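Asks: Here is my input, please return the structure:
(chains A and B)
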Amino acid sequence: GAGVSQSPSNKVTEKGKDVELRCDPISGHTALYWYRQSLGQGLEFLIYFQGNSAPDKSGLPSDRFSAERTGGSVSTLTIQRTQQEDSAVYLCASSLAGANVLTFGAGSRLTVL
Amino acid sequence: GENVEQHPSTLSVQEGDSAVIKCTYSDSASNYFPWYKQELGKGPQLIIDIRSNVGEKKDQRIAVTLNKTAKHFSLHITETQPEDSAVYFCASWDFNKFYFGSGTKLNVKP
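Replies: Presented below is the predicted three-dimensional model:
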């Protein structure tokens, strides 16, 4: 696609529910990143994919968070048993292999009530 | 690991004035330093970047300077316009990982 596409753009859920956030990177971009941005804060690294592999998942806050990528394209970030502190904007970005220029999506805003 | 610090957290300037945002980093192995602009409700967008073999780079009203010895880099915006109002993030890149500063909210008053 022309840009990085994320869905849903907004998600409101109840505490304890599971949520899935989707990222569709730019076609041909093999590197994919997930970041979390809490209100008024900077970007917190969550996980990095190269192809379908995740060489660095050091930023995932707890075992309630997981991510996968299939076909070297679409990625899904799953948060189980959501907590109020999970409320944030989740940003996805992609880049070409061997390059370090990131293109971000518009983000998925998650609100946990 | 790398630590990127960004100052100021907020900056208010009059239209037409210059704005400067500064960042420091800790890892001397970092070799790529992008700046992103984030408008309300949107994802960050790359506006300018600099690699460690260059000291300065300009693109119209925007410039970035890098001092490798001191491990700091700065964003300079001249002749600011209201549409420059946004949150700006600096970042450093090292071993496939980006480290972001905490952001600067720039307000350009007409």
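
Asks: Tell me which residue of chain B lies closest to chain A.
Replies: residue B:43 (3.5 Å; CB to the nearest CB). Any C-beta I mention is one placed from the backbone N, CA and C, and that applies to glycine too.

Asks: Residue of chain A nearest chain B, please.
Replies: Residue nearest to chain B within chain A: residue A:104 (3.5 Å; CB to the nearest CB).

Asks: burial count for that residue?
Replies: For residue A:104, the neighbour count with other CB atoms under 10 Å in any protein chain shown is 22.

Asks: same question, residue B:86
Replies: Neighbours around residue B:86, by other CB under 10 Å: 21.

Asks: try residue B:63
Replies: Neighbour tally, residue B:63, other CB under 10 Å: 17.

Asks: Look at it and report its pLDDT.
Replies: According to the prediction, residue B:63 has pLDDT 97.

Asks: Give me the phi and psi for it.
Replies: phi -140, psi 150 (degrees, to the nearest 10).

Asks: Identify the bridge partners of it.
Replies: On the basis of DSSP bridges, residue B:63 is bridged to residue B:58, residue B:76.

Asks: Let me see the contact set for it.
Replies: Applying CB atoms under 8 Å, 6 or more residues apart in numbering or on different chains, we find residue B:63 in contact with B:48, B:56, B:57, B:75, B:76, B:78.

Asks: Report the rounded mean pLDDT for stretch B:71-85.
Replies: Mean per-residue pLDDT for stretch B:71-85: 97.

Asks: which residues does residue B:87 contact?
Replies: Residue B:87 neighbours (CB under 8 Å, 6+ apart): B:37, B:38, B:39, B:103, B:104, B:105, B:106.

Asks: swap the cut-off to 10 Å and go again
Replies: Applying CB atoms under 10 Å, 6 or more residues apart in numbering or on different chains to residue B:87 gives the contacts A:37, A:40, A:42, B:9-10, B:36-40, B:44, B:102-106.

Asks: ditto for residue B:53
Replies: Contacts of residue B:53 (CB under 10 Å, 6+ apart): B:31, B:66, B:68.

Asks: Also residue B:51?
Replies: Taking CB under 10 Å, 6+ apart, one finds A:100, B:31, B:32, B:33, B:34, B:57, B:66, B:93 in contact with residue B:51.

Asks: Can I have the buried ones of the residues you listed as a ChimeraX selection?
Replies: Selecting the buried subset of these in ChimeraX, with 16 or more other CB atoms under 10 Å in any protein chain shown as the burial test, is done by:
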select /A:100 /B:31,32,33,34,66,93
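
Asks: Count residues in the vicinity of residue B:110, would you?
Replies: Quick note: residue B:110 (other CB under 10 Å) scores 8 neighbours.

Asks: Determine how far the helix or strand of chain B with the lowest mean pLDDT lies from the middle of the whole chain.
Replies: Ranking every helix and strand in chain B by mean pLDDT, DSSP states H and E puts strand B:97-100 at the bottom, with a mean of 88. Centroid displacement of strand B:97-100 relative to its chain, using CA atoms, centre = their mean, to the nearest Å, is 13 Å.
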